[in-house]
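[1] Coordinates for the following, if possible.
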Amino acid sequence: MTSSEELFERARALMPGGVNSPVRAFGSVGGTPPFMVSGRGPYLTDADGREYVDLVCSWGPALLGHAHPEVLAAVHAAVDRGLSFGASTPAEIELAELVTGRIGAVERLRMVSTGTEATMTAVRLARGFTGHNLVIKFAGCYHGHLDGLLAAAGSGVATLALPGSAG
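    This next block holds a predicted model:
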């Protein structure tokens, strides 16, 4: 049994589908999902020692690759100041100033932790601004892990052969 198979077996006893995102379960394609243990530059290495070119880049945050020296230095400096405060910080103001300064169309912004949270915020903002109660959603596409947008969703729902909606 490979290390990834052992990890997947352990994970299935603890997590639905053995993963924390239905897309990672490999349910629609078969086989065992790889379990990544390290990354360096554009490469990931799984628990079985196989190396992959990382085309996902952690959905954006690893755009410069893994373990980039300048990113590591910045992360270490931030960690030295504390891991998380659950409160406002000067760094978020600095980031907002960088974004608004570089992207002229952005006048104000809201920073969130996940794509789902960003989608929820965008839908709420659009509904409030327009006064409409309905939003258009593309069938077969994943727009975040919230009930109203999982109807007729894409690969995440298909992976576990789940229905497109609860009703």
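
[2] mind listing the helices for this protein?
    3-12, 69-81, 90-102, 115-130, 147-150, 155-159 (DSSP state H).

[3] and the direction of the third one versus that of helix 69-81, what angle?
    For the pair helix 90-102 and helix 69-81, the angle between their directions (axes from the mean of the first three to the mean of the last three Cα atoms, to 10 degrees) equals 140 degrees.

[4] Check the fourth one too.
    An angle of 80 degrees separates the directions of helix 115-130 and helix 69-81 when computed by the same axes, to 10 degrees.

[5] which other residues reach helix 115-130?
    59, 110, 112, 132-133, 135, 143-146, 148-149 (Cβ atoms under 8 Å, 6 or more residues apart in numbering). Quick note: C-beta positions are derived from backbone N, CA and C, even for glycine.

[6] Mind checking which of those residues are buried?
    143-145, 149 (16 or more other Cβ atoms under 10 Å).

[7] For those, work out which two are farthest apart.
    H143 and H145 (9.1 Å; Cβ to Cβ).

[8] Buried ones in stretch 14-26, by neighbour count?
    Within stretch 14-26, the residues that count as buried by 16+ other Cβ under 10 Å are 17-19, 22-26.

[9] could I get these as TSV with distance to V75?
    Putting the buried residues of stretch 14-26 into TSV (distance: Cβ to Cβ, whole Å) gives the following:
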residue	distance to V75
G17	31
G18	29
V19	26
P22	29
V23	26
R24	24
A25	30
F26	31
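
[10] These in strands, which ones?
    Secondary structure from DSSP state E places none of the buried residues of stretch 14-26 in strands.

[11] Thank you, goodbye.
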